[in-house]
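Chemist: Structure, please.
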Amino acid sequence: MNRNWMYVFLGGLIEIVWVSGLKHSDTALQWTGTVIAIAASFYLIVEASKRLPVGTVYAVFTGIGTGGTVAAEMILFGEPFQVTKVLLIGVLLAGVVGLKLVTADSDDASDAPSGREVRS
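Modeler: Next comes the predicted model:
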C-alpha cells in the first residue's frame, strides 16, 4: 500500500472518531479532541487527493467512515444490531474495495505533485 492510500485509510479511521465525537462529546476536552480529529482527518484526505483521483479518495474515505461509524456505534455505544444494515454496509464496503482495486496508484518514487499546474 503506498503512502497516499495509507493517508486515505488513516483519515477514514479518524473520521470514525470525530463522527462519534460529534454525537457523544460532553466536555470541552472531548469537543477539543473532536475538532482536532476533524482537522487531522481532512488534512490527510487533502494530502491524498493531491496525488490520487479525488472521486475515488472521497468514496473510500466516506465508505471507511460510514462502515466504521456504524460498527463503532453497535459495538461501543449499544446501537441495535440489524442484519439489513450490516448487509448494506457490506455492499458499500465491497464497492469501496472495488474502487481501490481498479484505481491506478501514482508513482511512489516521487511524492511531488503530478505536474498539473493551473495557469492564468
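
Chemist: tell me the contacts of L22?
Modeler: Going by Cβ atoms under 8 Å, 6 or more residues apart in numbering, L22 touches T34. Where you see a C-beta, it was placed from the backbone N, CA and C, and this is true even at glycine.

Chemist: 6 Å instead, please
Modeler: The contact partners of L22, by Cβ atoms under 6 Å, 6 or more residues apart in numbering, come to none.

Chemist: So it: helix, strand or coil?
Modeler: helix (DSSP: H, G, I helix; E, B strand; the rest coil).

Chemist: Please tell me how far it sits from T34.
Modeler: Distance of L22 to T34, given as Cβ to Cβ, to the nearest Å: 6 Å.

Chemist: And the helices in the protein, which stretches?
Modeler: For the chain, the helices defined by DSSP state H cover 3-24, 28-49, 54-77, 83-102.

Chemist: Quick one: low-confidence residue ranges for this protein.
Modeler: 1, 105-120 (pLDDT under 70).

Chemist: Mind doing that once more with 50?
Modeler: Scanning the chain for pLDDT under 50 picks out 107-113, 115, 118-120.

Chemist: For the closest residue to Q30 other than its chain neighbours, grab the count of nearby residues.
Modeler: In space, Q30 comes closest to G21 once its chain neighbours are excluded; the distance is 6.5 Å by Cβ to Cβ, 6 or more residues apart in numbering. By other Cβ atoms under 10 Å, 18 other residues sit near G21.
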